[in-house]
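**Q** Sequence unavailable; structure follows:
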């Protein structure tokens, strides 16, 4: 079969060479000067983006790679920004460079893929369980049409296979001598599976600053020493503006039942759901040493629930729940959870949220949550009737109407204010239409510069853009959207760049003095807590006296985030060395704060469980170590090639490729659903 494959490949190569020749002639004819459009699809571009060891990476290679990554994420629905996912253009190009140098390094060491190895890999890829090639025609010969349908670009696919083989051989060669000791694996297991109940106090600058009250003399002295820090480099502007409240403007809008019905009918079916029904089996973990036993039982029940079909009927799951669930309330009702489960952006750790990712009848894996394992079955979606949806529809439609009405009133306010230059009079004329009092419509800012947090507006680029052209007193700007509505601004005063007077920046000076004093006290306060606390239980009372807060964390494991403190080896090493009942005697400086820890309980890793998992843990650790050694090897090769000028990047071309990614298609607002 491989001989036949080889013959057909030679025939194919001749045809391809002929086709390439025809294409070359066509390109000359169609893309000669003045012959019409010469626009080339980016994925076909041969413009050189980078060179690695004398081999080119083209714009086409880069665009194709970026499209493939985009397509992988597109499987999850919608359009996403690759840059926000960490896939910047620089990272994508770096991956292509690493791929290229990997193959070159393999070939340098005589580890490149041979033609026979490529054919063997392809044969295995497209063979059935009996080892028979599936891409054959009626006569038993390789069917090139089927082959091309499966792989697309045949030469590109076969190059990819060769590159994969070369990488595997190089990785095996580099990591052949890597070993890992059982002691390392066992210690790593202990660290990862030892848990701690802890109490900790965060000694932060912000909290300490709240207690500090500097004197007037201290503030003036600080100001005199730091006058240049308060140099205002741009003109300050004081703005009086007419404000149109979007919500109040919309309250007078008359919305009929027919309009609401039309709104409801126009929603997609998935937006007419109140939520989904859920059944559950709950297995409680009475003690930590029973966790593995309970988990095994939970996994067994998951297997029974899924059966041979992979999902469960409502009745079958109900029988399992009645006989096994330890939640008395739902067990007697076949595991049926009261109400419905709806999407929540806040309760991301809620196990019930996982059923929303499933199809009706699907059963989750066993989910550990607090002191129990949950097995959940997704039921049918529960529709939301028009009457149930009506209040939310009314709010949504009124908000949109309010926006349109407020926008029109703001336009009137803009035209009138430019005419008469009197915000108070404009407010009086439009108050009834805006459903506001004139006093509420006229607002004034302090002297502001770009970047300031403006009262009632915040830091708004739109507002800054609207007042930027205003340079003379009584200049009126265009209406602009701000928080909760629209503003029509008018300049009423202006100050040129200068060093601010003390009274102008007194609040900023006070904040700076407090922070400076607080930073100087941080370590001393942390050590004071340690010296005063005899046991972890003392930390809460001591923290309260200092105006700080003590927090508790049960079952904390190393290398996992600890609230706002984050995770760090700076926490892990002292904590792992601590015993139950101890207050760690050295404060830990992390993220500009000092942390004081007390260990109320320590539960060491279950050594019996380690021996059950020993083989898989050893293999996983060995694989991770080999991957790290190989990555380090490639990094070293890359740095060596960069230093010798064998890797060159055309940065101008890379910059030109940076294009704005398509935004996700706009969606109708999802109806709020009630539980």
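**A** Perfect, I can see it now. Just so we're clear, the structure is a prediction, and the values are computed from it rather than from any experiment.
**Q** buried ones in the helix or strand hosting residue 520?
**A** Following DSSP states H and E, one finds residue 520 within helix 506-532. For helix 506-532, a neighbour-count test (16 or more other Cβ atoms under 10 Å) marks 509-510, 512-514, 517-518, 521-522, 525-530 as buried. Placement of C-beta: from N, CA and C, glycine included.
**Q** which of those residues lies closest to residue 250?
**A** residue 510 (41.2 Å; Cβ to Cβ).
**Q** Now name the helix or strand holding the nearest residue to that closest one once chain neighbours are set aside.
**A** Closest residue to residue 510 apart from its sequence neighbours, by Cβ to Cβ, 6 or more residues apart in numbering: residue 219 at 5.9 Å. In this structure, residue 219 is located in helix 216-225 according to DSSP H and E.
**Q** re the thing from before, just the buried residues of helix 506-532 now: which is nearest residue 183?
**A** The closest of these, once distances to residue 183 are taken by Cβ to Cβ, is residue 530, at 33.2 Å.
**Q** close enough to count as contact, that closest one and residue 594?
**A** No: Residue 530 is beyond contact range of residue 594, at 9.9 Å (criterion: Cβ atoms under 8 Å).
**Q** what do these two both touch?
**A** residue 587 (Cβ atoms under 8 Å, 6 or more residues apart in numbering).
**Q** Check the offset of the helix holding residue 219 from the chain's centre.
**A** Centre-to-centre, helix 216-225 and its host chain are 44 Å apart (Cα atoms, centre = their mean, to the nearest Å).
**Q** what is the mean pLDDT for it?
**A** Helix 216-225 shows a mean pLDDT of 95.
**Q** residues in contact with it?
**A** So helix 216-225 is contacted by 214, 230, 502, 505, 506, 509, 510, 512, 513, 516 (Cβ under 8 Å, 6+ apart).
**Q** what do you get if the cut-off is 6 Å, keeping everything else the same?
**A** 502, 509, 510, 513 (Cβ atoms under 6 Å, 6 or more residues apart in numbering).
**Q** Taking the centroid of the chain, which residue is nearest it?
**A** Closest to where the C-alpha atoms of the chain average out (Cα atoms, centre = their mean) is residue 85, at 6.6 Å.
**Q** in the chain, which helix or strand is least confident?
**A** Each helix and strand of the chain was given a mean pLDDT (mean pLDDT, DSSP states H and E); the minimum falls on helix 2-30 at a mean of 42.
**Q** quick one, phi psi at residue 647?
**A** phi -120, psi 120 (degrees, to the nearest 10).
**Q** What count of nearby residues applies to the closest residue to it other than its chain neighbours?
**A** Leaving aside its sequence neighbours, residue 647 sits nearest to residue 641 (Cβ to Cβ, 6+ apart; 4.8 Å). Counted with other Cβ atoms under 10 Å, residues neighbouring residue 641 total 18.
**Q** In three-state terms, how would residue 641 be classified?
**A** What DSSP: H, G, I helix; E, B strand; the rest coil gives for residue 641 is helix.
**Q** quick one: it and residue 163, what's the gap?
**A** 17 Å (Cβ to Cβ, to the nearest Å).
**Q** if I pick the nearest residue to residue 137 once chain neighbours are set aside, what's in contact with it?
**A** Leaving out its chain neighbours, the residue that sits closest to residue 137 by Cβ to Cβ, 6+ apart is residue 143, at 4.2 Å. By Cβ under 6 Å, 6+ apart, the residues touching residue 143 are 135, 136, 137.
**Q** Nearest to residue 271 among the residues you listed?
**A** Looking across the contacts of residue 143 and measuring by Cβ to Cβ, the closest to residue 271 is residue 135, at 44.4 Å.
**Q** Kindly confirm whether my reading is correct that that closest one touches residue 128.
**A** No: look at residue 135 against residue 128 with Cβ atoms under 6 Å: they stay out of range, at 10.7 Å.
**Q** The residue lying closest to residue 486 once chain neighbours are set aside and residue 246, how far apart?
**A** Spatial nearest neighbour of residue 486, excluding adjacent residues (Cβ to Cβ, 6+ apart): residue 410 at 3.7 Å. According to Cβ to Cβ, residue 410 stands 10 Å off from residue 246.
**Q** cool, residue 164 as well?
**A** 57 Å.
**Q** Which one of the two is surrounded by more residues?
**A** The neighbour comparison of residue 164 against residue 246 (other Cβ under 10 Å) goes to residue 246, with 25 against 14.
**Q** Provide a list of residues in contact with the more buried one.
**A** 402, 403, 406, 485.
**Q** Okay, now the unreliable bits of the stretch 201-350 of the chain?
**A** 269-270, 345-348 (pLDDT under 70).
**Q** Next, give phi and psi for residue 481.
**A** phi -80, psi 130.
**Q** Next one, pLDDT for it please.
**A** Reading off the model, residue 481 has pLDDT 93.
**Q** Excluding sequence neighbours, find me the nearest residue to it.
**A** In this structure, residue 481 finds its nearest non-sequential neighbour in residue 462, 5.9 Å apart by Cβ to Cβ, 6+ apart.
**Q** Now do the host helix or strand of the one you found: which elements does it pack against?
**A** Remark: residue 462 resides in helix 461-467, with elements defined by DSSP H and E. The elements that helix 461-467 packs onto, with contact taken as 3 or more Cβ pairs under 6 Å, 6 or more residues apart in numbering; DSSP states H and E, are strand 480-482.
**Q** If we use 8 Å, what do you get?
**A** strand 480-482, strand 485-495 (3 or more Cβ pairs under 8 Å, 6 or more residues apart in numbering; DSSP states H and E).
**Q** Any idea which of those gets closest to residue 552?
**A** strand 480-482 (42.0 Å).
**Q** What lies in contact with the closest one?
**A** Residues contacting strand 480-482 (Cβ under 8 Å, 6+ apart): 243, 456, 457, 460, 462, 463, 465, 466, 486, 487, 488, 489.
**Q** Can you tell me who the closest residue to the third one other than its chain neighbours pairs with across the strands?
**A** Going back to what we said before, that points to residue 457. Distances taken as Cβ to Cβ, 6+ apart place residue 482 nearest to residue 457, at 5.0 Å, with adjacent residues excluded. Beta-bridge partners of residue 482, counted by DSSP bridges, are residue 485.
**Q** Output the below-cut-off pLDDT ranges for the protein.
**A** The model of the chain has pLDDT under 70 over residues 1-40, 73-81, 84, 269-270, 345-348, 658-675.
**Q** secondary structure class for the most far-flung residue of it relative to its centre?
**A** In the chain, counting by Cα atoms, centre = their mean, residue 139 sits farthest out from the average C-alpha position, at 52.7 Å. Recorded secondary structure, residue 139: coil (three-state DSSP).
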